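Enquirer: Here you go, sequence then predicted model.
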Amino acid sequence: MSNEQPTTCLNLDEIHHLALTALESNGFARAQANSIASSVTAAERDGCTSHGLFRVSFYINALQNPSADANAVPSLQVDDSTVVHVDGKNGFCPQALDVGLPALVKKARMHGTAALAIHNVYNIAALWPEVECLARQGLVAFAFTTSNAYVTPAGGTRPLFGTNPMAFGFPREAMPPLVFDQASSASARGEIQLHQRDGQPIPDGWAIDDQGRPTNDPDAALAGAQLPFGGHKGASIALMVELLAGALIGENFSVDSSNQDTHKVGAPFGGELLLAIDPSKFGSTAYLQRAELLFSQVLDMPGTRLPSQRRYEQREKSVAQGVEIPARLLAELAKMTKS
Ligand code: NDP
């Protein structure tokens, strides 16, 4: 018997409209809803299901937190320094990024290197859209954000670090940029939630239960702790992200976000740090060609691909053919959309 779920094919405008309508009907102001819907649509388009329409309920549930503001208007602070700040005013990260990214690009072009510190946002999105956006404008880009305390340090048994993603973008000549975006946990939490939703066991090495024992049960994993990728190496990346997106910019550590989450909503609250470098200021005129040389050496080896290649291929397909959305998810969205 096939266990394939029924799906409906939607085009990208329809996906955006669905997300926008669900968010607005639950009290999100148009600008917040629009930025979030664009983030969700981009994720569906690129085959990043865990940050697509599946996430809309997370944004809506985040409003159960009394401090979350669906009407927040982020404010931009730019001075003579190389650091731009955006105060998200307890709203959601996608709109804060829309406000801050143009100022970061301007600063990086002016000074060679610049940073954008985003404060006071709920952040449940993927990070590749912002580094791709910067790299498409010719900049080398990094992004870091903390989350909630879900991941145990190497050898630990209790969650302390977030799943703490970091993303990197590098421009390419006449090609979409090279981008990677990865959690510092063995898997994104959304992936465990998708396994839970679908009644599937999780792979070995993703998590331990609340007694510190390895588990394949998504419920036990969500109640226990996720493991960092690559043991102590991933744990060090998670620690670095806590320091950059927490200590350095004066925002929550993941454990602070968890402690503030008194309603157990699970939407991380804190900051995001972005760094942008203008390669033209580094004196090498051949960086694009040198990068291509390296990429071709990678791709010469059978079995390899570049990070972001899958996303760009999926993007082309989605733009041409639309995206298959599980009927069950559409039913859930319809239920949460208030008339
Ligand atoms: P994956 O492990 O699926 O992918 C990580 C990266 O590796 C991607 O850039 C991917 O490129 C690349 N990649 C995968 N396979 C290969 C391969 N064989 N060769 C070369 N590159 C490869 O992502 P994660 O599960 O770690 O993270 C998922 C998402 O969750 C991220 O977008 C992250 O930002 C988000 N997240 C958000 C959090 C938040 O609080 N806001 C918290 C944690 C995670 P490609 O995309 O092309 O497959």
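Expert: Received, thanks.
Enquirer: Residue 36 reaches residue 23, doesn't it?
Expert: Yes: the pair residue 36 / residue 23 is scored as a contact, 5.8 Å apart, by C-beta atoms under 8 Å. Placement of C-beta: from N, CA and C, glycine included.
Enquirer: what sits in contact with each of these two?
Expert: Counting by C-beta atoms under 8 Å, 6 or more residues apart in numbering, the contacts common to residue 36 and residue 23 are 56, 59.
Enquirer: Check the offset of the lowest-mean-pLDDT helix or strand in the chain from the chain's centre.
Expert: Every helix and strand in the chain was compared by mean pLDDT, DSSP states H and E; the lowest is helix 189-197, with a mean of 88. Centroid displacement of helix 189-197 relative to its chain, using C-alpha atoms, centre = their mean, to the nearest Å, is 15 Å.
Enquirer: after that helix comes which helix or strand?
Expert: Under the assignment DSSP states H and E, the closest C-terminal helix or strand after helix 189-197 is strand 207-208.
Enquirer: And that next one, how far out from the chain middle?
Expert: What separates the centre of strand 207-208 from the centre of its chain is 22 Å, taken as C-alpha atoms, centre = their mean.
Enquirer: Do that strand and the ligand come into contact?
Expert: No: legend: contact between strand 207-208 and the ligand by C-beta under 6 Å from any ligand atom is lacking; minimum distance shown is 13.2 Å.
Enquirer: what's the distance between the closest residue to residue 295 other than its chain neighbours and residue 268?
Expert: The shortest distance from residue 295 to any non-neighbouring residue, by C-beta to C-beta, 6 or more residues apart in numbering, is to residue 306 (6.0 Å). Distance of residue 306 to residue 268, computed by C-beta to C-beta, to the nearest Å: 29 Å.
Enquirer: The two: which has the busier surroundings?
Expert: residue 268 (28 against 15; other C-beta atoms under 10 Å).
Enquirer: Show me what from the chain comes close to the ligand.
Expert: Going by C-beta under 6 Å from any ligand atom, the residues of the chain near the ligand are 123-128, 145, 147, 163, 165, 180-183, 187-188, 191, 268, 305, 307-311.
Enquirer: Show me which of those are buried.
Expert: The neighbour-count test (16 or more other C-beta atoms under 10 Å) marks 123-128, 145, 147, 163, 165, 180-183, 187-188, 191, 268, 308, 311 as buried among these.
Enquirer: for this protein, what spans make up the helices?
Expert: Using DSSP state H, the helices found in the chain span residues 12-25, 30-45, 56-62, 93-111, 128-136, 189-197, 218-223, 232-242, 254-260, 287-299, 309-321, 327-336.
Enquirer: Tell me which other helices or strands the second one touches.
Expert: Think helix 30-45. helix 12-25, helix 56-62, strand 83-92, helix 93-111, helix 309-321, strand 323-326 (3 or more C-beta pairs under 8 Å, 6 or more residues apart in numbering; DSSP states H and E).
Enquirer: Taking their axis directions, it and helix 128-136 sit at what angle?
Expert: Counting by axes from the mean of the first three to the mean of the last three C-alpha atoms, to 10 degrees, helix 30-45 points 90 degrees away from the direction of helix 128-136.
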